[in-house]
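Engineer: Provided below are the primary sequence and the corresponding predicted coordinates.
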Amino acid sequence: MRLSILFLVLLAPLAASAQTDPKQLDFNNNLWVSYSGDHPVSGPWGVHFDVQWRRSDLGAIWQQYQVRPGLNYKVSDKLMLTLGYVYTGSYPYGDNPAPRAFPEHRTYQQALLRHALESVKFQHRIRFEERFIQRPTGPSSWGVGGGPNEGITAVMPRT
């Protein structure tokens with residue numbers, strides 16, 4: 001029984017790649033550089049800072065940059081809460097570019113949970129983001145939008 005389940009799990013990616021729909025390919029040779037850090041200030045309070053610099057054609061053309069400052073509150077060694085703001089600047093790039101550069105503003109709330117199972121340490125980040133996007137179609141087309149980065153739960157195993 002276990003061997004059958006393992007066999008199905010291993011074959012599932014092959015079945016998924018056998019789709020016949022033509023795919024649109026976009027090659028950019030992206031270069032993404034990032035820094036992320038949590039820095040204690042006083043007692044349970046601290047600051048979070050995250051910056052991402054994304055460029056295409058091996059760094060020659062802007063894709064996007066993102067600055068994410070936040071205020072941390074360490075509830076315990078296993079739980080840290082963060083409240084913050086994100087600014088993202090996006091630019092036209094690649095084979096299917098946006099019509100023009102456009103900004104995005106976000107607020108976010110985050111919980112960072114830590115625990116261990118024997119010698120394996122786990123860290124879970126639960127983040128909710130509210131997006132305020134200026135659509136690339138016009139200068140006054142602001143809206144609150146959903147997207148792939150809202151309500152992400154990330155599990156990052158650490159050893």
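Structural biologist: That came through fine.
Engineer: in this protein, which spans are helices?
Structural biologist: Counting by DSSP state H, the chain has these helices, from start to end: 2-16.
Engineer: Where does the prediction get shaky in it?
Structural biologist: 1-4, 6-22, 24-28, 134-159 (pLDDT under 70).
Engineer: how about 50 then?
Structural biologist: Applying pLDDT under 50 to the chain flags the ranges 140-159.
Engineer: in it, which spans are strands?
Structural biologist: 31-42, 45-56, 61-76, 79-90, 102-117, 120-134, 142-145, 152-158 (DSSP state E).
Engineer: helices or strands next to the third one in the packing?
Structural biologist: Meaning strand 61-76. With contacts taken as 3 or more Cβ pairs under 8 Å, 6 or more residues apart in numbering; DSSP states H and E, strand 61-76 sits against strand 45-56, strand 79-90, strand 102-117. Any C-beta I mention is one placed from the backbone N, CA and C, and that applies to glycine too.
Engineer: These into CSV, with extra columns for mean neighbour count and distance to R127?
Structural biologist: Listed next are these as CSV, based on neighbours: other Cβ atoms under 10 Å; distance: least, Cβ to Cβ, whole Å:
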stretch, mean neighbour count, distance to R127
strand 45-56, 17, 11
strand 79-90, 17, 8
strand 102-117, 15, 4
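Engineer: With distance to L71 added, can I get these in JSON lines?
Structural biologist: Shown next, in JSON lines, are the helices and strands packed on strand 61-76 (distance: least, Cβ to Cβ, whole Å):
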{"stretch": "strand 45-56", "distance to L71": "6"}
{"stretch": "strand 79-90", "distance to L71": "5"}
{"stretch": "strand 102-117", "distance to L71": "11"}
